[in-house]
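Colleague: My questions are about this predicted structure, shown below with the sequence.
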Amino acid sequence: MSIELKIKSKHLSEEARIIRFEEKKLLKGYRWEINQHKAVGHNEPLNPYKSLNYIKFESLYNHRRYDVRNENRATFLARAYLDGKTYSSVEQKRSEDQEYVFFQKVLPRVLTMVKKYGKTDTTMEEIKIWLET
């Protein structure tokens, strides 16, 4: 087992928690802007893309939802691979609409982490064979 991957996994989950906290603060600021927009007497809705709070919120949201989540999943799978667990015991099934993301973003990161923290001569073919177990 790789203690480094265990620490990385904990940090990624903590990063997601911190990002959610900051998202709430930015949404609060955006709601304040909407109320100020209405208080001035504007009847049309405030365009969210004119609000710096909303733009920052959306950026953080997408980072947490896609980048952090995929990295956390890759870390989880790399740990399972290095621990000798079967893939079927770790993940039950993948949704078919997310296969592209899995093979293009998650699996290359799994291979990179396995090479860095475990067996340096591991190939993508070995990882794909592990997926069938």
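Modeller: It's in.
Colleague: C-alpha from now on. contacts and neighbour counts both.
Modeller: OK.
Colleague: can you give me how far stretch 93-112 is from the chain middle?
Modeller: In terms of CA atoms, centre = their mean, to the nearest Å, the centre of stretch 93-112 is found 12 Å from the chain centre.
Colleague: list the buried ones in it?
Modeller: Neighbour counts using 16 or more other CA atoms under 10 Å place 102, 106-107, 109-112 of stretch 93-112 among the buried residues.
Colleague: residue nearest the centroid of the protein?
Modeller: Nearest to the mean C-alpha position of the chain, by CA atoms, centre = their mean, lies residue 69 at 1.7 Å.
Colleague: remind me which residues of this protein are low pLDDT?
Modeller: Regions of the chain meeting the criterion pLDDT under 70 cover residues 1.
Colleague: And the residue of the chain positioned farthest from its centre, its phi and psi?
Modeller: Here the chain reaches farthest from its C-alpha mean at residue 41, the gap being 40.4 Å by CA atoms, centre = their mean. Main-chain torsions, residue 41, degrees, to the nearest 10: phi 110, psi 10.
Colleague: State the distance from the residue nearest to the centre of the chain to residue 4.
Modeller: 18 Å (CA to CA, to the nearest Å).
Colleague: Check residue 107 too.
Modeller: 19 Å.
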